[in-house]
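Asker: need coordinates for the below:
(one chain, ligands or ions: 1)
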Amino acid sequence: MSFASAWLDLREPYDQMARDPETAIRIGAWSSGRSHLNIVDLGAGTGANLRYLAPRLRCAQSWTLIENDPELISDGSSRLMPDVEWRYRELDLASDLEAAFPADTDLVTTSALLDLVSAEWLDRLLHLLAQRRLPFYAALTFNGEIELHPPVEGDQEMISLFNEHQRRDKGFGPALGGNARDHLSQAIDFSVLPAPSEWVLGTKDGPMIVAFIEGMAEAACEANPSATPRILAWLSERRALAEKGIGGAFVGHDDLFAGDGVRLRAFT
Ligand SMILES: C[S@@+](CC[C@H](N)C(=O)[O-])C[C@H]1O[C@@H](n2cnc3c(N)ncnc32)[C@H](O)[C@@H]1O
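Answerer: Presented below is the predicted three-dimensional model:
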């Protein structure tokens with residue numbers, strides 16, 4: 001599955017606002033007193049996680065941005081991030097996950113990735129992190145919760161088709177989609193709690209709402225092609241509302257930080 005740079009750019013400021021500030025403060029506090037961190041970011045896109053986190057960490061940093069899409073690597077590489085050492089590493093995380101973490105890794109991060117992966121892949125990742133007790137920051141994991149305002153006919157059908165599509169294979173096996181947060185928090189030990197990092201979109205966020213509902217409609221058509229006429233009618237009603245600045249949307253995500261290193265519940 002490929003992600004357009006334009007979509008990642010559009011969502012980045014909303015992601016920045018949505019990220020749980022207390023989790024970010026805890027990561028900043030965790031980093032203080034350390035002289036240097038080697039950070040591995042999984043599914044880095046154009047580097048959104050680095051742009052958010054680097055200024056909040058209180059020590060020198062070297063980032064390795066793992067990404068398998070050459071276009072995103074090229075886009076991300078062309079953006080200056082002058083204060084921090086970083087490099088891209090082109091790697092397919094579905095097949096080569098084990099190769100992602102060099103022995104000197106201090107922190108593993110990811111954003112908006114874990115809902116794309118399968119339960120089996122997520123367990124594989126968590127076991128790797130747990131074996132090495134690696135600290136882990138997972139931001140913006142979609143949790144399946146969507147609300148649209150004002151309600152229009154077809155909302156519930158579209159939300160349910162979208163969530164069904166989210167669980168399709170995105171290159172890692174059948175995806176967890178909206179179940180990723182629960183899978184993650186059931187696997188990791190009780191002391192690590194997910195914190196909400198939802199998008200709350202209002203009347204001024206028309207372009208973001210339109211992009212989101214267009215994505216929902218595209219996914220819904222793929223999930224149930226025979227419902228296409230209904231989906232397009234729903235999209236045109238929703239688009240007209242957003243373009244007039246009426247209503248808004250809520251999209252649920254969660255952030256999680258295991259600062260003492262990942263420990264699996266089965267072993268705690
Ligand atoms: C939703 S985007 C999130 C990008 C970035 N973390 C952000 O928050 O903007 C998911 C990212 O994972 C990358 N990705 C998907 N499958 C991958 C794979 N098998 N190996 C490496 N990266 C992958 C995509 O190319 C994309 O950049």
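Asker: residues of this protein that sit close to the ligand?
Answerer: For the chain, the contact set with the ligand under CB under 6 Å from any ligand atom comprises 3, 8, 43-45, 48-49, 66-69, 72, 92-94, 111-113, 171. (Each C-beta comes from the backbone N, C-alpha and C, glycine too.)
Asker: buried among these? Make that a PyMOL selection.
Answerer: Buried residues among those (16 or more other CB atoms under 10 Å), as a PyMOL selection:
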select buried, resi 3+8+43+44+45+48+49+66+67+68+69+72+93+94+111+112+113+171
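Asker: show me what the helix ranked longest in the chain packs onto, helices and strands only.
Answerer: Ranked by number of residues, the top helix in the chain under DSSP state H is helix 206-223. When contacts are defined as 3 or more CB pairs under 8 Å, 6 or more residues apart in numbering; DSSP states H and E, helix 206-223 sits against helix 5-18, helix 155-166, strand 199-201, helix 228-243, strand 248-258.
Asker: output the lowest mean pLDDT helix or strand found in the protein.
Answerer: Across the helices and strands of the chain, the lowest-confidence element by mean pLDDT, DSSP states H and E is helix 180-187, at a mean of 91.
Asker: now do stretch 108-117: distance to the chain's middle.
Answerer: Using CA atoms, centre = their mean, to the nearest Å, we find the averaged C-alpha position of stretch 108-117 to lie 5 Å away from the chain's own average C-alpha position.
Asker: span of it from start to end?
Answerer: Across its full length, stretch 108-117 reaches 16 Å end to end, with CA to CA, to the nearest Å as the criterion.
Asker: run through who's touching that stretch.
Answerer: For stretch 108-117, the external contacting residues (CB atoms under 8 Å, 6 or more residues apart in numbering) are 1, 11, 15, 39-43, 45, 48-49, 52-53, 101, 122, 125, 129, 134-143, 166, 170-173, 175-178, 180, 184, 253.
Asker: filter the residues you listed down to the buried ones, ChimeraX style.
Answerer: When burial is assessed using 16+ other CB under 10 Å, the buried subset of the contacts of stretch 108-117 is captured in ChimeraX by this command:
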select :11,15,39,40,41,42,43,45,48,49,52,53,101,122,125,129,134,135,136,137,138,139,140,141,142,143,166,170,171,172,175,176,177,178,180,184,253
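Asker: just the contacts of stretch 108-117: which are in strands?
Answerer: When the contacts of stretch 108-117 are checked against strands (DSSP state E), the matches are 39-42, 136-143, 253.
Asker: ok, the residue lying closest to A195 once chain neighbours are set aside to G178 distance?
Answerer: In this structure, A195 finds its nearest non-sequential neighbour in D20, 3.9 Å apart by CB to CB, 6 or more residues apart in numbering. If you measure D20 against G178 using CB to CB, to the nearest Å, the figure is 18 Å.
Asker: quick one on the thing from earlier: in CSV: the helices and strands packed on helix 206-223, plus mean pLDDT.
Answerer: Written out in CSV, the entries for those read as follows (pLDDT from 0 to 100):
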stretch, mean pLDDT
helix 5-18, 96
helix 155-166, 97
strand 199-201, 97
helix 228-243, 96
strand 248-258, 96
